[in-house]
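**Q** quick one, fold the following:
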Amino acid sequence: MNSKIFILIFVVIFTSLSSQKIFNIKATLNTENNIFDVSDSIRRLLFIRCNGNLMLPEYGYYIDVSKEDTEKLKKKTIAYIPMNGEEYDDLEKGIDEGVLKLSDSLYYSAATNSKNFFRKIVINPSLKDTIYITDINNYLNMQNTKEWIEMLDSKRKIIVGDKICAETTTGGYTFNSYRKEKMCDLAKKRLYYVNILFPETNIDWSKKQWEFWYKNLIKSQ
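**A** Here you go, the predicted structure:
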């Protein structure tokens, strides 16, 4: 493991969470070592910070902040995690973002959830609504966790779409398939990925047990 990342994880795990105050930084990518994988330890902290309503980030960047920000942060290079799918691959292009502090060396952008298309469906589901199974089975999608927990005892149904691939003697083809599914069953499928991120949970918990866990987890920040 990269020594910088190891130190970063250590600092994040054993440093209490800082106050959530957004401030702006200007920076460029570090020319020597500019990308790192976001560990599950950091993802768990981000989950708490974002109240279980986020897309889990896969990568973070080492960035060199401006002279003004160096004086403010007391360091030239920091680790930065974009939370809205931003990608940076141009060493010359500047970064100008509003960020929050996770530790003295690690910052992240505020999650806007601008692509949270399914919030209305999860809050008030009906057979007029369609969700595709690929969205349910996206392990990075932790949006609407609180609302999915509330659906664990819901018998209301929505339409679930899926793409089926088939082979024939002349080749292959794909077609869309649609079926009705109960929200309680979909909620359990969604919470499966929360269970992977937080092994102390149990996929067979009742709604009340999940609510108790979620409430205490979010209170810990």
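**Q** quick check, central residue of this structure?
**A** For the chain, the residue nearest the mean C-alpha position is Leu56 (2.2 Å; CA atoms, centre = their mean).
**Q** how near is that one to Asn141?
**A** 8 Å (CB to CB, to the nearest Å). Where C-beta positions appear, they are placed from N, C-alpha and C, glycine not excepted.
**Q** likewise Lys189?
**A** Lys189 is 11 Å from Asn141, by CB to CB.
**Q** for this protein, just list every one of the helices.
**A** 3-14, 40-49, 67-73, 119-123, 133-136, 145-150, 183-197, 207-219 (DSSP state H).
**Q** out of those helices, which one sits most buried?
**A** Burial of the helices of the chain is given as mean neighbour count (mean count of other CB atoms under 10 Å); helix 145-150 ranks first at a mean of 20.
**Q** packing partners of that one?
**A** helix 119-123, helix 183-197, helix 207-219 (3 or more CB pairs under 8 Å, 6 or more residues apart in numbering; DSSP states H and E).
**Q** only C-alpha atoms, please: export the shortest one in PDB.
**A** Presented in PDB, the C-alpha positions along helix 119-123 are these (Å, rounded to 0.1, in the frame of the first residue of the first chain):
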ATOM      1  CA  ARG A 119     -35.800  10.000  -4.400                       C
ATOM      2  CA  LYS A 120     -39.400  10.800  -5.200                       C
ATOM      3  CA  ILE A 121     -40.000   7.100  -6.200                       C
ATOM      4  CA  VAL A 122     -38.600   5.800  -2.900                       C
ATOM      5  CA  ILE A 123     -40.600   8.300  -0.800                       C
END
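**Q** average pLDDT for it, rounded please.
**A** In this model, helix 119-123 carries a mean pLDDT of 90.
**Q** show me what that helix is packed against.
**A** Using 3+ CB pairs under 8 Å, 6+ apart, helix 119-123 sits against helix 145-150.
**Q** please enumerate residues in contact with the helix it packs on?
**A** By CB atoms under 8 Å, 6 or more residues apart in numbering, the surrounding residues in contact with helix 145-150 are 47, 51-53, 119, 122-123, 186-187, 190-191, 194, 207, 210-211, 214.
**Q** where is pLDDT lowest across the residues you listed?
**A** Arg119 (87).
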